[in-house]
Structures are given as C-alpha cells and as structure tokens.
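Colleague: turn this into a model:
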Amino acid sequence: SSGTTTNDNSDNSLWTPSPSSSEANDSSNGGGETKTSSSQKIDHKRVQYKAKQQARQATIKNRSVPPLRPNVVERIATDFPHLQVISNGGVSSLSQIRDRLSSNNNNGSNNNNKVKGVMVGRAAINHPCSFAAVDSVLWKNYERKPTRQQVLLQYIDYCQEQEEQFTNTIFTNKSNDNNNKEQLKEFRKKLIAAPYHLFMGEEGNDGYQRRLRKLAGRGDRYSASAMLNAAMAELSTEAKEKCVDDHVAWEDIEQFDFTKRSGALQR
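Modeller: Residues are numbered from 1 along each chain as shown. The predicted structure is shown next:
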C-alpha cells in the first residue's frame, strides 16, 4: 500500500460521521428495532437510509487517511530490489501510472530497482476509457482501438450468453421459483453495472446512465441486453462512434457529489 500510518498526527485518525442531535437521542439494537418513547413514531427506512449515507461519507473521507506517500513505496523498491513492489492508491490517470513507473529512474537508478507495477481501482471503474491507451503509452502498441459502441455490442452478446447459462442453472429447481426470479433480477443488475461508466464525459451520458438506473430495478421483466440497448438509444452517434482511447479528461467532467445521494451502480 502507498499509504503508511503515522501515530504523531491527530489528523490521521479515521473519520467517523457525527450523528445529529435527533439521531443521538435514538439508539437501535442489533435486531434493527429502534428504541424510543411510545409517543414517538420512527421511520425505520429513513433511519437506515441516513446510516447508509453516513457510512458512505466515512468511507470516502477515509480514503485519504492516513495520507498517501508513494515516495515511501519507491524507496522500498530501491532498498529491496529482490522484491516485486507494486504501487497503489490515489492513481486517477494514465499519466500518473507512467510517472510512478519512471520516478525511480530520474536520479539514474537501476531499472531493476523501480516499482514493478501500479494498481488502479476506482479510477478505472469510474472512467475506464481514460486508461484505454495504456498499451500504446507503456508498450508502444498502436493498434487501433474499437469504438465504444463496438465494445458495448460485444458486451451485450456476452450478457445474453451469461443469462442463458445462469437461467439454465437456477431454474432446474422449480420448487423455489420466486427465489430463482430474485436471483436472476440481481444477476442482471450486476451485468448492466459493468458498462455504466463506458461513456463518461460524452454527449448523452447523463441520459444513458439515468436510463440504466431506472431499469436496474426491473430485472424481473427485462433482460440485461434489453436494458443496455434501451440505454444506448440515449447516446449521440458521435459518442457511440468514438474510439475508447479518445476521452474527456477526468478533471474536465462535471463531478457529482456521491456522498449526498448515490445509486447501486455508482462507485
């Protein structure tokens, strides 16, 4: 990990959300029942929703606690050349990957002593096309990349194959039909989540994502391929025909505050 814990800085302690005064007076037991006076009515769904949002705020804030220190990882790679050290944390662009892989060579150090790789997590999920040029940037492979529409159509074919295999497996047991339908609904939701950010920053992306969010809860009626085809209709021709390695920079895309409200498909 590129973050190292330090004990001498109080700011490095994990952040936890502070409950409001009304929430502080309410307590809940392990069974999910909220203790309160008999005259006060509790909206359990609202209490659970607030708890979920507070937990998400804590998760987002704690991504930078303690502070990331990639230079420490570079020193470890230099001091222990027999180890394969991988740098991770805080990587949001392809240029940052390139910088971390080449940083140890700035002072003329041996190539064998630099970090061997870089891990990328949320950034690759939230804006996958910003990393599509990795082959040409790092390995000089300039083969033409497919368009976003070609990628999505190939993925739709994949979804059809996976759904067929899944239904053949779960519907062999007819005695539990309701549970089987619920499993299929959740499976379809997971399938459509993968290309959710494929058109990030492109014209029509808001409509594309909005349609997927609406259809995500209707997996009992629609197949994953049908939902993806419906969402694709919201996109402009230009966006669909754009190569995956031609993208809008993350810093140029209007950001959404996921701490206030988020859906199941958002990261």
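Colleague: okay, and the beta partners of the residue nearest to residue 97 when sequence neighbours are not counted?
Modeller: Taking C-beta to C-beta, 6 or more residues apart in numbering, and ignoring the residues beside it in sequence, residue 97 has residue 118 as its nearest neighbour in space, at 4.6 Å. C-betas here are computed from N, CA, C, even on glycine. Beta-bridge partners recorded for residue 118 (DSSP bridges): residue 87.
Colleague: can you tell me how far residue 246 is from residue 132?
Modeller: 9 Å (C-beta to C-beta, to the nearest Å).
Colleague: shared neighbours, those two?
Modeller: The contact sets of residue 246 and residue 132 do not overlap (C-beta atoms under 8 Å, 6 or more residues apart in numbering).
Colleague: what about the helices in the protein?
Modeller: For the chain, the helices defined by DSSP state H cover 21-24, 44-61, 70-79, 94-102, 122-126, 134-139, 148-170, 177-193, 205-215, 224-232, 237-240.
Colleague: low-confidence ranges, this structure, go.
Modeller: Of all residues in the chain, those with pLDDT under 70 make up the ranges 1-39, 64, 103-113, 173-175, 256-267.
Colleague: 90 - rerun?
Modeller: Where the chain drops to pLDDT under 90, the residues are 1-71, 74, 88-90, 92, 98-115, 122, 135-142, 168-181, 250-267.
Colleague: returning to that earlier point: hang on, the residue nearest to residue 97 packs against residue 88?
Modeller: Yes - using C-beta atoms under 8 Å, residue 118 is in contact with residue 88, at 6.7 Å.
Colleague: comparing those two, which residue is more hemmed in?
Modeller: Between residue 118 and residue 88, counted using other C-beta atoms under 10 Å, the more crowded position is residue 118 (21 against 18).
Colleague: and that one, what does it touch?
Modeller: 86, 87, 88, 91, 96, 97, 100, 101.
Colleague: highest neighbour count among those?
Modeller: Ranking the contacts of residue 118 using other C-beta under 10 Å puts residue 87 first, with 27 neighbours.
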